[in-house]
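1. structure of the sequence below:
(chains A and B)
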Amino acid sequence: MDLYNVYQNNYLIVAVFLLLGILLPVGALTAGRLLRPNRPTKEKATTYESGIEPFQQSWIQFNVRYYLFALLFVIFDVETVFLYPWAVAYDELGLFALIEMAIFVLLLTLGLVYAWKKKVLKWN
Amino acid sequence: MTGEMIAFFILALVAICGGVFMIHSENVVHMVVSLIFTFLSIAGIYILLSAEFVAVVQVLIYSGAITIIMLFGIMLTKHDPKSEKRIAKSRILAVGTGVVAFFIIMFLAINKLSFKQQDVELYVHNVKKIGIELYSKYVIPFELTSILLLVALIGAVVLAKKDESEEMNEHE
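-> Numbering: from 1, shown residues only, chains lettered A, B, ... in the order given. Okay, here's the model as predicted:
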């Protein structure tokens, strides 16, 4: 039970860091708002486009390609999550765990090869 | 009131507030930010339950990756902020009744639920314990997970590539 208190008290430091991380930008932006003059004009509110006259809103429909890259990232992110407990417990699991993980990684590599063959990774 | 209780109440409050703000906000980016707050406070609740690994995964996967996906989902669809409809009073009443009914059902269901004394040693070698359990007892579900991920990957590729070949045909 004593160790449990140590465990929880360690997270107090994390909480302090989190709180500082949230309060610092909030404080800085609030101070900035109080200090700066506020004179909005129509030109100031337009979308900035490197000095060119903006011709539409900044929120447009993206290319589907970006979505594919994001999805690939998420899938391999999940794969990495499974690698952590495997690596930590590897000493006690032995060869069987290695084969297991090899199958797991191989299946996902198949997906990557499929995506590669379909020219998803190419940007043209 | 112990410190654990106070931490739980703050985290639960942040999680619920994040969810409510997400529903009520009209700005897409505000929605995603409030959703991140919900995910982070749920990670905090996991830490309170001594599930460190699950908490880290929650931050890694949900707060990072899923939010990216969500942003893309929103950005890919057409978004018109002016097409907001007014909500009828009868609908508010119906939703309120539903919320109260849900509360009563949940309260009755979990009021008499009692857990046995929880394992206080959970925080010791948390990741190692998960690893041993996962890769010795739950091998088949683990391998099935990889198939699920593979299906998701191939499905996304098939859907997105179809769009592109149509685009190519249009260009030609």
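2. for residue 20, helix, strand, or coil?
-> Here I'm looking at chain A. Under DSSP: H, G, I helix; E, B strand; the rest coil, residue A:20 falls in the helix class.
3. try chain B instead
-> Relying on three-state DSSP, one would call residue B:20 helix.
4. for residue B:113, same thing?
-> Applying three-state DSSP: residue B:113 is coil.
5. next, it: phi, psi?
-> Main-chain dihedrals, residue B:113, degrees, to the nearest 10: phi -70, psi 130.
6. ok, residue B:132 to chain A distance?
-> 5 Å (CB to the nearest CB, to the nearest Å). (Each C-beta comes from the backbone N, C-alpha and C, glycine too.)
7. report the residue ranges of every domain in chain B.
-> Domains of chain B are assigned by automatic domain parsing as B:1-111, B:124-172.
8. in a markdown table, list these along with mean pLDDT.
-> Formatted as a markdown table, these follow (pLDDT from 0 to 100):
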| stretch | mean pLDDT |
| --- | --- |
| domain B:1-111 | 83 |
| domain B:124-172 | 80 |
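9. for those, which one sits closest to residue A:70?
-> Closest to residue A:70 of those, according to CB to CB: domain B:1-111, at 5.0 Å.
10. please name the residues that touch residue B:146.
-> A:79, A:103-104, A:107-108 (CB atoms under 8 Å, 6 or more residues apart in numbering or on different chains).
11. which two in those are spaced the farthest apart?
-> Among the contacts of residue B:146, the pair separated by the greatest distance (CB to CB) is A:79 and A:103, at 12.5 Å.
12. tell me which of those two has more neighbours.
-> residue A:79 (18 against 13; other CB atoms under 10 Å in any protein chain shown).
13. point me to the residue of chain A nearest chain B.
-> For chain A, the residue closest to chain B is residue A:89, as judged by CB to the nearest CB, at 2.8 Å.
14. element containing the spatially closest residue to that residue that is not a sequence neighbour, please.
-> Take residue A:89 and drop its neighbours on the chain: the residue closest to it by CB to CB, 6 or more residues apart in numbering or on different chains is residue B:131, 2.8 Å away. Using DSSP states H and E, the element containing residue B:131 is helix B:126-136.
15. got the contact list for the one residue in chain B that gets nearest to chain A?
-> Residue nearest to chain A within chain B: residue B:131 (2.8 Å; CB to the nearest CB). Residues in contact with residue B:131 (CB under 8 Å, 6+ apart) are A:84-90, A:93.
16. quick one: residues contacting residue B:62.
-> B:39, B:42-43.
17. most neighbours among these, which one?
-> If you rank those by neighbour count (other CB under 10 Å), residue B:43 sits at the top with 22 neighbours.
18. can you map out the helices along chain B?
-> In chain B, the segments counted as helices under DSSP state H are B:3-24, B:28-48, B:52-57, B:67-76, B:89-111, B:126-136, B:139-171.
19. could you dump those helices to a markdown table with distance to residue A:36?
-> Formatted as a markdown table, the helices of chain B follow (distance: least, CB to CB, whole Å):
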| stretch | distance to residue A:36 |
| --- | --- |
| helix B:3-24 | 27 |
| helix B:28-48 | 22 |
| helix B:52-57 | 39 |
| helix B:67-76 | 29 |
| helix B:89-111 | 40 |
| helix B:126-136 | 48 |
| helix B:139-171 | 45 |
